[in-house]
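K.L.:
Dropping the sequence and predicted coords here.
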Amino acid sequence: MTLPLEAIELDAFRKRHERDTFWCGLFLGGCGVQLTTKLYTDRVCHFAHHPGADALSHRCGRRARGVASADHLYVKAAAAAWLRTAAHPGDLVQFDFAQPDGAEIGSVLDIRFKERGLRVHLDQAVAPVWDEEGREPVLGVSVPVHRDTLIDRWYIHRIRLDSVGTSRQVRIGTEAFMRPTEWFALEECEMTGRGLTTPAVDRLVRSRGTRPVSRRTEGQARKGPAPQARAEVLLRKLAQAQRLGSVLVVTQICGEIAAVPGLDEPGQAQSRAAVASAQVWLKEQAAVREQLFLRLRDAVEARDVEVVRTLSVMANATASHARTGEETAVAAAAGALLAADAQERCEEIMAAEQDAQRARRAADRVRALLSALRRPPVGLRSQQRRVWIRSSVQKLLLAAEQADSALSAREREHVESWRARTGSGGTPVQPGQPAAGGRQVHDVACPACGAGPGVRCETPRGYHPSRAARLRRSH
């Protein structure tokens, strides 16, 4: 068992195992002392030994502490469950954590039953021995194998363990020369007359004209897989395929079950019942498939893109095989509608991006014009200044309309301020003329309140002189 590494997962683990105790495993090279769980939020959680009577930390001789250090125990448990069938009774199976040449415990696991057996090499500590009678090597992923071995034997088997929650799941792989390793669940494998067999082995043997190198003496007869065991494997696969909703696999397995020879009467009855039930399920799935394509056709005619997208995903996932001409036409029409919708969406996105770019450019013009209006060109006569302000404000209002939402609220306030100062037509108030409330507009920036040219002063008339007046007096 592996301990969750995160604090929140460890809390759930503790509640689930609140009545259980944990001990340092002797088969792991440990000391047999009771363990406790350590919860941390700033580092990974882990098992720890209970402190000794003197409250000092306990010292354990176990060297391997990684997640893979107990793989030999997981392999033993998984193999025992797998072999506990009618063809391989569990009470005839023996396990041995062999230590050839002084290898550490856990490097090799021997599995023996009847006249056959497997030797599982989980690391490179012990070199595999090929063609040893009654003991077929199964290699861990880190154990190397020579290419000549693959050529002579056609294939070899490998084993790996994947972490699933707090446990480890066994996977069996078949490696052949110039072919990638194919991995299978242990339930998909069988023990036959030629030894450990996976679906990949069956394909390899069928694809060759001669048999692989013999693993048994000439005096020993080869045994094929027991019919009942083969039927049980197919029945499990059939049930799993129905749970997954795979019509194609269910159809294929029904044919394989019907072709299993040599079944006894109970086995035949069980197989017939399973196939009959599967045929009923296939008819139901055919009705569901027909209804699915009818709904898809109606959605295409109504041009309901969202419904078409949902139904197309369902059709491609569950009804992509053996389509009729009508189903193919409906699927093609649905694909064309989705493609047209995608093109339309793409064009809308591109148009929106272009509008956004134009708005950003207009907003840049607005900012430039606001900056220019705060500092008009020097040397202009009064009439020229009025004309320049009127033209700039007209450009400002046009740019602000094009900028739309690209302007901030503060920038829009400035634009509206210039609109109000010049009137809707962009005509500025005459500088130097009294305004409402006794305030005055000057043609230069006011040094007292900071009002720009053409902007009303914030102080009453006569309270302070204009900059021009101050300049005249200074001279």
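P.N.:
All right, it came through fine. Numbers count the residues shown, from 1 in each chain.

K.L.:
Off-centre distance for the helix or strand containing Ala362?
P.N.:
In the assignment (DSSP states H and E), Ala362 maps to helix 325-374. In terms of CA atoms, centre = their mean, to the nearest Å, the centre of helix 325-374 is set 29 Å apart from its chain centre.

K.L.:
May I see the buried residues of the following helix or strand past that helix?
P.N.:
Later in the chain than helix 325-374, the nearest helix or strand by DSSP H and E is helix 382-403. Across helix 382-403, burial judged by 16 or more other CB atoms under 10 Å covers 385-386, 388-390, 392-393, 395-397, 399-400, 403. For the C-beta atoms, the positions are set from N, CA and C on the backbone; glycine is no exception.

K.L.:
gap between Leu122 and Ala226?
P.N.:
Plainly put, Leu122 is 29 Å away from Ala226 if you go by CB to CB, to the nearest Å.

K.L.:
ok, what's across the strand from the most centrally placed residue in the chain?
P.N.:
Centroid-nearest residue in the chain: Val164, 16.0 Å away (criterion: CA atoms, centre = their mean). Beta-bridge partners for Val164, by DSSP bridges, are Ser167.

K.L.:
Tell me the predicted confidence for it.
P.N.:
Here the pLDDT value assigned to Val164 is 78.

K.L.:
Let me have the buried residues of helix 382-403 in JSON lines, adding pLDDT and distance to Glu326 as columns.
P.N.:
JSON lines is the format used below for these (pLDDT from 0 to 100; distance: CB to CB, whole Å):
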{"residue": "Arg385", "pLDDT": "85", "distance to Glu326": "79"}
{"residue": "Arg386", "pLDDT": "85", "distance to Glu326": "77"}
{"residue": "Trp388", "pLDDT": "89", "distance to Glu326": "74"}
{"residue": "Ile389", "pLDDT": "87", "distance to Glu326": "73"}
{"residue": "Arg390", "pLDDT": "86", "distance to Glu326": "71"}
{"residue": "Ser392", "pLDDT": "89", "distance to Glu326": "68"}
{"residue": "Val393", "pLDDT": "90", "distance to Glu326": "67"}
{"residue": "Lys395", "pLDDT": "90", "distance to Glu326": "63"}
{"residue": "Leu396", "pLDDT": "90", "distance to Glu326": "63"}
{"residue": "Leu397", "pLDDT": "91", "distance to Glu326": "61"}
{"residue": "Ala399", "pLDDT": "91", "distance to Glu326": "58"}
{"residue": "Ala400", "pLDDT": "91", "distance to Glu326": "58"}
{"residue": "Ala403", "pLDDT": "89", "distance to Glu326": "54"}
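
K.L.:
Turn those residues into CSV, columns for distance to Ala334.
P.N.:
Output for the buried residues of helix 382-403, formatted as CSV (distance: CB to CB, whole Å):
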residue, distance to Ala334
Arg385, 67
Arg386, 66
Trp388, 62
Ile389, 61
Arg390, 60
Ser392, 56
Val393, 56
Lys395, 51
Leu396, 51
Leu397, 50
Ala399, 46
Ala400, 46
Ala403, 42
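
K.L.:
element containing the nearest residue to Leu397 once chain neighbours are set aside, please.
P.N.:
Distance criterion CB to CB, 6 or more residues apart in numbering; nearest residue to Leu397, sequence neighbours excluded, is Arg419 at 6.2 Å. Element membership for Arg419 (DSSP H and E) is helix 409-422.

K.L.:
Pull that helix out as CSV, backbone CA atoms only.
P.N.:
Output in CSV follows, covering the C-alpha atoms of helix 409-422 (Å, rounded to 0.1, in the frame of the first residue of the first chain):
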residue,chain,number,x,y,z
ALA,A,409,-14.1,56.8,-18.7
ARG,A,410,-11.7,59.7,-17.9
GLU,A,411,-10.8,60.2,-21.6
ARG,A,412,-14.5,60.3,-22.5
GLU,A,413,-15.1,63.0,-19.9
HIS,A,414,-12.3,65.1,-21.5
VAL,A,415,-13.9,64.6,-24.9
GLU,A,416,-17.4,65.6,-23.6
SER,A,417,-15.8,68.6,-21.9
TRP,A,418,-14.4,69.8,-25.3
ARG,A,419,-17.8,69.2,-26.9
ALA,A,420,-19.5,71.3,-24.3
ARG,A,421,-16.9,74.1,-24.5
THR,A,422,-17.2,74.4,-28.3
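
K.L.:
got the angle for that helix vs helix 325-374?
P.N.:
Between helix 409-422 and helix 325-374, the angle comes out at 50 degrees (axes from the mean of the first three to the mean of the last three CA atoms, to 10 degrees).

K.L.:
buried stuff in helix 409-422?
P.N.:
Glu411, His414, Val415, Trp418, Arg419, Arg421, Thr422.

K.L.:
buried sites along stretch 309-321?
P.N.:
Neighbour-count burial for stretch 309-321, counted by 16+ other CB under 10 Å, picks out Leu311, Ser312, Ala315, Thr318, Ala319.

K.L.:
actually stretch 134-154, sorry about that
P.N.:
Across stretch 134-154, burial judged by 16+ other CB under 10 Å covers Arg135, Glu136, Pro137, Val138, Leu139, Gly140, Val143, Thr149, Leu150, Arg153, Trp154.

K.L.:
Just the ones of the residues you listed in helices?
P.N.:
Among the buried residues of stretch 134-154, the residues falling in helices (DSSP state H) are Thr149, Leu150, Arg153.

K.L.:
Arg323: which of these is nearest?
P.N.:
Leu150 (40.7 Å; CB to CB).

K.L.:
what residues are up against Ala331?
P.N.:
Going by CB atoms under 8 Å, 6 or more residues apart in numbering, Ala331 touches Phe293, Leu296, Ser312, Ala315, Asn316, Arg323.

K.L.:
Surely Val108 and Pro100 touch.
P.N.:
Yes: assessed by CB atoms under 8 Å, Val108 is found in contact with Pro100 at 6.6 Å.

K.L.:
about what we covered before: so between Leu122 and Ala226, which is more surrounded?
P.N.:
Comparing Leu122 with Ala226 by other CB atoms under 10 Å, the one with more neighbours is Leu122, at 23 against 18.

K.L.:
Not counting sequence-adjacent ones, nearest residue to that one?
P.N.:
Sequence neighbours aside, Gly140 is the residue nearest to Leu122 in space, at 4.6 Å (criterion: CB to CB, 6+ apart).

K.L.:
circling back to that earlier point, let me have the buried residues of stretch 309-321 in JSON lines, adding secondary structure and distance to Arg179 as columns.
P.N.:
Formatted as JSON lines, these follow (DSSP: H, G, I helix; E, B strand; the rest coil; distance: CB to CB, whole Å):
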{"residue": "Leu311", "secondary structure": "helix", "distance to Arg179": "39"}
{"residue": "Ser312", "secondary structure": "helix", "distance to Arg179": "35"}
{"residue": "Ala315", "secondary structure": "helix", "distance to Arg179": "34"}
{"residue": "Thr318", "secondary structure": "helix", "distance to Arg179": "31"}
{"residue": "Ala319", "secondary structure": "coil", "distance to Arg179": "32"}
